[in-house]
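**Student:** Any chance you could fold what I've pasted below:
(one chain, ligands or ions: 2)
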Amino acid sequence: MTGRPVPPTPTALARLRDAPAGRHSAVARGVAEPGGPLVPLEVPRRAALPDDVVIDIDYCGLCHSDVHAARGEWGQRQLPLVPGHEIVGRVAAVGHGVRDFRVGDRIGVGCLVDSCRDCDACRGGEQQFCANGAVGTYGATDRRTGEYTQGGYSSTIVVNRGYVLRVPESLDPAAAAPLLCAGITTYSPLRHFGVAPGDAVGVVGLGGLGHMAVKIAKAMGATVTVFTTSEGKRGAARGLGADRVVVSRDEAAMGEVAESLHLILDTVAAPHELGPYFSALRRDGTLVQLGLPAEPMPPVDPRLLLRRRIRYTGSIIGGIPETQEMLDFCAEHGVVSDVEIVDADSLNEAWDRMVAGDVKYRFVLDNATLRASGPGEPTLANTPEDQS
Ligand SMILES: [Zn+2]
Ligand SMILES: [Zn+2]
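**Tutor:** Numbers count the residues shown, from 1 in each chain. Ligands and ions are numbered 1, 2, ... in the order given. Model prediction:
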């Protein structure tokens with residue numbers, strides 16, 4: 001699904017021309033009550049501020065974080081909540097101060113729609129570490145506009161131009177959507193820890209994050225070992241490009257990879273023993289935690305770290321410049337996510353299947369289906385009025 005330019009269709013262009021630069025309502029799916037399903041909603045979108053881009057959304061990836069946030073598993077959020085932070089669409093309108101994006105441009109939005117722009121992290125282009133709290137694409141209060149942010153399971157979104165990414169036209173737009181979260185989450189630590197051709201990289205877990213880690217590490221020229229608990233995933237891992245697959249319960253197989261890897265990306269979001277992975281690292285090797293278990297992890301035995309100066313660290317998405325670099329890298333190397341496209345009425349089922357691990361490897365919402373149908377009349381989300 002790569003290398004195929006997808007120009008806007010005549011209907012899409014007509015829709016873009018009709019798209020409002022003023023305040024409008026977006027058609028969306030979101031969670032309206034605690035524990036409730038995704039239901040049709042309308043959410044207000046602000047009139048374009050001078051440095052805003054109005055985006056007509058074509059596709060939005062379904063991320064595990066969407067479920068955790070909307071179901072209150074990472075703390076209660078204000079409802080209704082429209083999730084979605086793997087957004088690909090086209091520019092429908094721009095504020096009068098925007099010179100570098102034009103109507104019709106293929107663009108994307110990831111996990112962040114704003115940050116303080118003034119702290120060390122923001123000045124260094126690492127907005128994900130904003131000392132004053134970056135503004136999430138959904139479920140956050142935008143300090144500039146006062147709005148409660150609503151995400152990409154939606155027909156449109158309005159985002160400050162500094163947080164809008166260019167998505168190369170050569171990438172399939174649906175398969176590129178997961179790059180905005182799963183892609184950058186794995187690209188960033190591979191780059192930060194300097195993975196070079198010939199390096200030996202391990203990937204623990206083969207879900208949405210893991211499959212992107214394999215593809216991107218291979219594109220960087222690394223030799224990739226996948227660790228999985230499931231013998232059944234051996235073929236799939238090979239199919240994605242893995243050079244070696246180790247079933248982590250197989251102690252003999254784990255012994256064969258001892259002290260062989262430079263870097264391991266751990267994408268597993270359930271508590272698990274880290275000792276076997278520390279043992280698989282060479283001197284000065286690094287284990288990067290990307291999965292975020294809700295329960296505490298088993299204790300780490302420091303002796304395993306001391307013996308070969310092993311580092312144990314974590315990483316979360318990436319900054320705006322690095323996200324653009326990742327998109328350009330993926331276009332150059334023809335890397336996209338393996339996706340299953342779903343319509344709006346299948347979102348609840350897709351969430352259940354995602355939680356059950358029944359997807360290869362990412363669901364992506366076809367946002368055109370938001371406008372087409374939906375059970376029941378949309379209700380207006382009671383988002384606080386913006387200050388404009
Ligand atoms: Zn995500
Ligand atoms: Zn900041």
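**Student:** For the closest residue in space to Arg143 that isn't next to it in sequence, list the residues it contacts.
**Tutor:** Distance criterion CB to CB, 6 or more residues apart in numbering; nearest residue to Arg143, sequence neighbours excluded, is Val135 at 6.8 Å. Just so you know, the C-beta spots here come from the backbone N, C-alpha and C atoms, and that holds for glycine as well. With contact taken as CB atoms under 8 Å, 6 or more residues apart in numbering, Val135 is in contact with Leu112, Val113, Asp114, Ser115, Thr141, Asp142, Arg143, Thr149.
**Student:** Go through those and give me the one with the most neighbours.
**Tutor:** Neighbour counts for these, by other CB atoms under 10 Å, peak at Val113, which reaches 27 neighbours.
**Student:** ok, which stretches of the stretch 1-150 of the chain are helices?
**Tutor:** 10-18, 64-70, 120-123 (DSSP state H, counting those that start in this stretch).
**Student:** ignore the last one, the stretch 251-388 of the chain
**Tutor:** According to DSSP H, counting those that start in this stretch, the helices that the stretch 251-388 of the chain contains are 251-256, 275-280, 302-306, 320-333, 347-355, 368-372.
**Student:** Ligand 1 is nearest to which of those helices?
**Tutor:** Judged by CB to the ion, the one of the helices of the stretch 251-388 of the chain that comes nearest to ligand 1 is helix 347-355, at 11.4 Å.
**Student:** For the closest one, which outside residues touch it?
**Tutor:** Arg29, Pro37, Leu38, Leu62, His64, Asp66, Val67, Tyr153, Val342, Val359, Phe363, Leu365.
**Student:** Break the protein into its domains for me.
**Tutor:** As given by automatic domain parsing, the domain ranges for the chain are 10-181+319-380, 182-314.
**Student:** burial count for Gly104?
**Tutor:** Neighbours around Gly104, by other CB under 10 Å: 16.
**Student:** and it, how far is that from Ala222?
**Tutor:** Look at Gly104 and Ala222: by CB to CB, to the nearest Å, they are 37 Å apart.
**Student:** Give me the below-cutoff pLDDT ranges for the stretch 251-388 of the chain.
**Tutor:** 373-388 (pLDDT under 70).
**Student:** how about the residues of the stretch 101-250 of the chain near ligand 1?
**Tutor:** Cys181 (CB under 5 Å from the ion).
**Student:** and the protein, which residues reach ligand 2?
**Tutor:** By CB under 5 Å from the ion, the residues of the chain that approach ligand 2 are Ser115, Cys116, Cys119, Cys122, Cys130.
**Student:** let's see it at 6 Å
**Tutor:** Proximity of the chain to ligand 2, by CB under 6 Å from the ion, involves residues Ser115, Cys116, Asp118, Cys119, Ala121, Cys122, Cys130, Ala131, Asn132.
**Student:** related to what we said a few turns ago, tabulate the contacts of Val135 (TSV), appending distance to Val54 and pLDDT.
**Tutor:** Shown next, in TSV, are the contacts of Val135 (distance: CB to CB, whole Å; pLDDT from 0 to 100):
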residue	distance to Val54	pLDDT
Leu112	18	98
Val113	13	98
Asp114	16	97
Ser115	20	97
Thr141	21	95
Asp142	15	92
Arg143	21	84
Thr149	15	97
